[in-house]
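Chemist: Here is my input; please provide its structure:
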Amino acid sequence: MSVQVTGQWYVLRSKPNKEEPVWHQTCALGFQVFYPRLRVKPVNPRSRHIVPFFPGYMFVHVDIGKVGLSAFQGMPHAIGLICFGGEPAHVPDPLVEAIRRRVTELNTGRVIDPSRFAPGERVRICEGALKGYEAIFDAQIRGRDRARVLLALLTGRHVVVELKADWLEPIRR
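Modeler: Numbering: from 1, shown residues only. Modelled structure (predicted):
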């Protein structure tokens, strides 16, 4: 069964940790699939080095009128297309392209490595609303690409802030 490239993007949901088999099956059926994944540097070297950008979800481009919902509902390890009011919800092409660009930027830029800082190390926040502020690295938030830092206030007290680990850079003195 080969599907034409006409149609719209829809979100296909998989069972937990079953994205890979669903992706392979969907591609084998001839559907155009966008399964965004990120390269990561895990704390545990035996952990996965590529993780889904949206765990449990991927995008499939189909003409749903020709294919029908049942093509995805009966697929092993798949839950089906995301629907609202019984109708599959399509995703605009520009949004899918924006996600594709962002995933490409993340994968060609820095590899996310939240363990690169030691507790107590001075860091600078290089992105987000707190860009430019200095902080003290406190801890990596386990299993995620986030970090906890202590941000100094004018009163001399520290405030705990959680943010993306790749928004931090070491301060070289």
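Chemist: And the strands in the chain?
Modeler: Assigned strands in the chain, in chain order: 8-14, 32-34, 37-39, 50-52, 57-62, 78-81, 83-84, 87-88, 90-91, 122-125, 134-141, 146-152, 158-164, 168-170 (criterion: DSSP state E).
Chemist: can you put these in CSV and add mean neighbour count, distance to N107 and mean pLDDT?
Modeler: C-beta coordinates here come from the backbone N, C-alpha and C atoms, glycine included. Supplementary listing: these in CSV, determined by neighbours: other C-beta atoms under 10 Å; distance: least, C-beta to C-beta, whole Å; pLDDT from 0 to 100:
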stretch, mean neighbour count, distance to N107, mean pLDDT
strand 8-14, 21, 20, 95
strand 32-34, 16, 14, 95
strand 37-39, 15, 5, 87
strand 50-52, 14, 9, 87
strand 57-62, 22, 16, 95
strand 78-81, 20, 25, 94
strand 83-84, 10, 30, 90
strand 87-88, 14, 29, 91
strand 90-91, 16, 21, 92
strand 122-125, 18, 22, 89
strand 134-141, 18, 21, 86
strand 146-152, 19, 18, 86
strand 158-164, 14, 15, 87
strand 168-170, 16, 19, 87
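Chemist: Please convert these to CSV, extending it with distance to R102.
Modeler: Supplementary listing: the strands of the chain in CSV, determined by distance: least, C-beta to C-beta, whole Å:
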stretch, distance to R102
strand 8-14, 16
strand 32-34, 12
strand 37-39, 10
strand 50-52, 14
strand 57-62, 13
strand 78-81, 23
strand 83-84, 24
strand 87-88, 24
strand 90-91, 14
strand 122-125, 20
strand 134-141, 21
strand 146-152, 17
strand 158-164, 13
strand 168-170, 19
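Chemist: how is the protein carved up into domains?
Modeler: As recorded under automatic domain parsing, the domains making up the chain are 8-108, 114-170.
Chemist: which one is the residue most central in space within the chain nearest to, not counting chain neighbours?
Modeler: Closest to where the C-alpha atoms of the chain average out (C-alpha atoms, centre = their mean) is F53, at 2.0 Å. Leaving out its chain neighbours, the residue that sits closest to F53 by C-beta to C-beta, 6 or more residues apart in numbering is P36, at 3.8 Å.
Chemist: my guess is that neighbour meets E97, correct?
Modeler: No. Using C-beta atoms under 8 Å, P36 makes no contact with E97, being 11.6 Å away.
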